[in-house]
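> Predicted model, plus sequence, below.
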Amino acid sequence: MDAKEKTLAVLASVDSVDLNAAADTETGLYTCPKNKELLPFGVRLSKLSADAANAVVTFGKTGGSCDEFLGDVTLSNLDGTTKTTICLPVPSMTPPAQVVFTAGQEFGVEITTPAGGACTCTMEPLGRIRNA
């Protein structure tokens with residue numbers, strides 16, 4: 001049994017995600033395995049190569065709007081290479097709906113607004129895998 005099926009876990013680690021890519025550029029972070037469902041929880045951003053404060057990203061299913069999980073996240077707090085963050089849906093009075101990815105669907109990030117200068121980071125999707 002894979003620990004990813006019993007706990008919230010780091011599902012993958014994707015290095016050199018280009019935060020200065022052209023708007024609407026998508027990068028896949030994790031593909032849901034066969035006969036499984038993915039329940040994403042968040043995304044950790046780390047190992048910045050430069051200031052990412054101007055970048056805006058979304059997270060969701062690649063190949064479409066890529067914002068089903070988390071729309072327009074401004075990375076204004078990532079204004080230095082030693083900083084890291086975890087992007088999460090913020091609960092409010094009405095809890096956010098859980099997005100479920102099915103086998104073969106890819107969870108990814110889309111650049112909405114480029115960083116404005118060369119900037120890469122490592123992204124680690126966090127979540128849980130369960131049987132479909």
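Cool, the structure landed.

> could you measure Asp67 against Ser13, distance?
Asp67 is 22 Å from Ser13, where distance means Cβ to Cβ, to the nearest Å. For the C-beta atoms, the positions are set from N, CA and C on the backbone; glycine is no exception.

> Settle this for me: Pro33 is touching Gln105, isn't it.
No. Assessed by Cβ atoms under 8 Å, Pro33 is found out of contact with Gln105, at 10.5 Å.

> Pick out whichever of these two has more residues nearby.
Gln105 (17 against 14; other Cβ atoms under 10 Å).

> Skip the chain neighbours and tell me the closest residue to that one.
For Gln105, ignoring the flanking residues on the chain, the nearest one in space by Cβ to Cβ, 6 or more residues apart in numbering is Cys32 at 5.2 Å.

> residue contacts, the residue nearest the centre of the chain?
For the chain, the residue nearest the mean C-alpha position is Val43 (4.4 Å; Cα atoms, centre = their mean). Counting by Cβ atoms under 8 Å, 6 or more residues apart in numbering, Val43 touches Leu29, Phe59, Leu70, Ile86, Cys87, Val109, Met123, Glu124, Pro125, Leu126.
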